[in-house]
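> A predicted structure for the sequence below; I have some questions about it.
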Amino acid sequence: MKTDVVVIGGGPSGMSAALKASEQGAKVLLVDVESRLGGILNQCIHNGFGLKHFKEELTGPEYANRLANEVYKDKNIEVKLNSYVNYIDKNKVFVLTEKGQEIIECSSIILSAGARERTSGEIYLKGKRLAGVYTAGTAQKMVNFYGKLPGKKIVILGSGDIGLIMARRMTLEGAEVKLVLEIMGHSSGLRRNIRQCIEDFNIPLLFNHTITKVVGDERVCGVYYAEVDENKKPKLETEKYIDCDCVLLSVGLIPENTLLPKQTLREKFVVVDDERQTSVDGIFICGNVLHIHDLADNATEEGEIAGKFAGLYALNKLKKYVKVIINFSNKISYCMPKLVNKKTEGKFTIYMRANNNFIKKFITVKSGDNIIAKKFCVGITTGEMQEIEVEYSKVNGDLYVDIEG
Amino acid sequence: METICICCPIGCRLKVEKIDGEIVVTGNSCPRGKDYGISEFTFPKRVLTTSLVFPNVTYTLKTTTALPKERVKEALKEIKKIGYKECNIGDVLIKNIINSDADVVVTGKIENA
């Protein structure tokens, strides 16, 4: 089979990418391993999605359905479900379907395969390998799709948004969430989720605390936990024990980017330009597989960028420019993208995450000694992605992003 | 009262006070925040989402507007009593649940999950 663009992963960024690539006039194949489009949005049954992109508040499944309906209406997009991509080569995508392997020839590829949850092994959770330890996302699927509670007395490790959302879901469905532990001094989740998922139900949330040992025979029967010092080492004199039959982990997401060719340039993240093209010509990447987004709306926005330019690339309409680098100060943990095409017209957005919390500061973008973009922020937190628009015409050499004032 | 606005991901830090008999909200950055602040001060409400699981299909559900916060669990009990019926996204399963102005609607349909 031959097509212009292959999109791998049918979550919010992949569906948005497919729609934008099609809008440029490209023929698109959208591949997903699941039996329905939407990705993880389908199990995120809570509300709070869509305010930015659809200008109204939606639940995860509603957000997914809106995009999926657009995809199915689009005659330029073919959808292949229950299909797993196991290898990509320049211009070739190897797909495993129920019938066997199929090789798709294409001009550009968009990887939008999302992320997976960090597991107990990856955080060196101490204790035996007992039944009752789950990632928060797995528990979410069990509760929301299958109506099964993973436990009755629950301790949640990590206060990322999925962990917070699950604390509320489990409580409403009849479990007792005894404790949420966060090793950092702050939550990486949204403030509103602390308010409506934790405080609403009077669930204790302890910062600077972690699990020191999970105990039980075959199933978890309790955990030891302790406060940590500034090096995140448990202070054993503070160790306490709490009964529970289930531990949920919300300890971060890892981009599922192993499909990218070996020569793809990687630093902390896969290196991309403002068009979300990797260092390998014709391979684009967007959504949580590139970096973790706070909102599905932001993943959609990034998918639209990747889709547009991957579509143009496939149709030989993508112009080449000199690229400049985006550098940043030590107040910032990362900026996306890493590279910018030196175009003459229009604007692009730099997304960034701060290293620390700041109040009433400016985000500045400098090109040489000139400040070419400046934005006032009432509050900047490590948990929330910031964005700043920059005009291409003002870019003159490498850029430097900082938090000042 | 100090609280966090839950209307959107920004999560504005709200201060709600009664000044000369009038409820004043500060810290909000949009009109929704003001309304939320007043409601949170006088009569807190929450949207409820849940799912109903049947042998070959799971329906995900939400209330169309927020319910009185203290009655969310009561509403959930009502929802869990619903028996199987064939429905589609957007269908109303319960009108005016617990005599509120909220309806329970289907947000998603997962077949053979």
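Structure's in. What do you need? Residues are numbered from 1 along each chain as shown, chains lettered A, B, ... in the order given.
> what about the closest residue to A:His46 other than its chain neighbours, neighbour count?
Spatial nearest neighbour of A:His46, chain neighbours left out: B:Thr49 (5.0 Å); criterion: Cβ to Cβ, 6 or more residues apart in numbering or on different chains. Heads up, the C-betas are built off the backbone N, CA and C, glycines and all. B:Thr49: 25 surrounding residues under other Cβ atoms under 10 Å in any protein chain shown.
> for B:Thr49, phi and psi?
Backbone torsions of B:Thr49, given as degrees, to the nearest 10, read phi -120, psi 140.
> And for B:Arg46?
phi -140, psi 150.
> Pull the number of nearby residues for it.
Neighbours around B:Arg46, by other Cβ under 10 Å: 19.
> what bridges to it?
Beta-bridge partners recorded for B:Arg46 (DSSP bridges): B:Leu67.
> now swap in A:Ile109 and tell me
Under the criterion used (DSSP bridges), A:Ile109 bridges to A:Val6, A:Ile283.
> ok, it to chain B distance?
A:Ile109 sits 29 Å away from chain B, going by Cβ to the nearest Cβ, to the nearest Å.
> Next, the contact list for that residue, please.
Contacts for A:Ile109 were tallied using Cβ atoms under 8 Å, 6 or more residues apart in numbering or on different chains; they are A:Val5, A:Val6, A:Val7, A:Ile8, A:Ile88, A:Val93, A:Gly282, A:Ile283, A:Phe284, A:Ala310.
> how far does stretch B:17-34 sit from the chain's center?
21 Å (Cα atoms, centre = their mean, to the nearest Å).
> So A:Glu102 is in contact with A:Met1, correct?
Yes - counting by Cβ atoms under 8 Å, A:Glu102 does reach A:Met1; the two are 6.6 Å apart.
> where does A:Ala226 fall, phi/psi-wise?
Torsion angles, degrees, to the nearest 10, at A:Ala226: phi -150, psi 160.
> Indicate the residue of chain A located nearest to chain B.
Closest residue of chain A to chain B, Cβ to the nearest Cβ: A:Pro61 (2.7 Å).
> A strand includes that residue, no?
No - using DSSP: H, G, I helix; E, B strand; the rest coil, the secondary structure at A:Pro61 is helix, not a strand.
> the longest helix in chain A is where?
Across chain A, the helix with the greatest residue count (assigned by DSSP state H) is helix A:296-314.
> confidence score at residue 110?
You didn't say which chain, so I picked chain A. pLDDT, A:Ile110: 98.
> look at chain B instead
The model's pLDDT for B:Ile110 equals 94.
> Would you agree it falls within a strand?
Yes - counting by three-state DSSP, B:Ile110 is part of a strand.
> thinking it is in contact with A:Leu41, fair?
No - the criterion here is Cβ under 8 Å, and B:Ile110 misses it with A:Leu41 at 11.7 Å.
> So the two - more neighbours on which side?
The residue with more neighbours, out of B:Ile110 and A:Leu41, is A:Leu41; 25 against 22, by other Cβ under 10 Å.
> quick one: that one from A:Tyr87, how far?
27 Å (Cβ to Cβ, to the nearest Å).
> same question for the longest helix along chain B, mean pLDDT?
Of all segments of type helix in chain B, defined using DSSP H, the longest is helix B:31-42. With pLDDT averaged residue by residue, helix B:31-42 scores 94.
> repeat for stretch B:81-88
For stretch B:81-88, mean pLDDT rounds to 94.
> Check which residues of the longest helix of chain A are buried.
Residues of helix A:296-314 classed as buried: A:296-314 (neighbour count, 16 or more other Cβ atoms under 10 Å in any protein chain shown).
> same check, this time on stretch A:83-100
A:Ser83, A:Val85, A:Ile88, A:Val93, A:Val95.
> In three-state terms, how would the last one be classified?
By that I understand A:Val95. strand.
> returning to that earlier point: so what secondary structure elements neighbour the longest helix of chain A?
Where contact means 3 or more Cβ pairs under 8 Å, 6 or more residues apart in numbering or on different chains; DSSP states H and E, helix A:296-314 is packed against strand A:5-8, helix A:12-23, helix A:60-73, strand A:108-111, strand A:283-285.
> Which positions in the stretch 201-350 of chain A make contact with chain B?
Residues of the stretch 201-350 of chain A lying close to chain B by Cβ under 8 Å from any Cβ of the partner chain are A:Asp294, A:Leu295.
> show me where the stretch 201-350 of chain A has strands.
A:205-207, A:209-216, A:220-227, A:240-243, A:246-249, A:253-255, A:283-285, A:323-328, A:332-336, A:339-341, A:347-354 (DSSP state E, counting those that start in this stretch).
> What lies in contact with the last one?
This points to strand A:347-354. With contacts defined as Cβ under 8 Å, 6+ apart, strand A:347-354 is touched by A:274, A:291, A:298, A:326, A:328, A:331-337, A:340, A:363, A:365, A:373, A:380-382, A:384-392, A:399, A:401, A:403.
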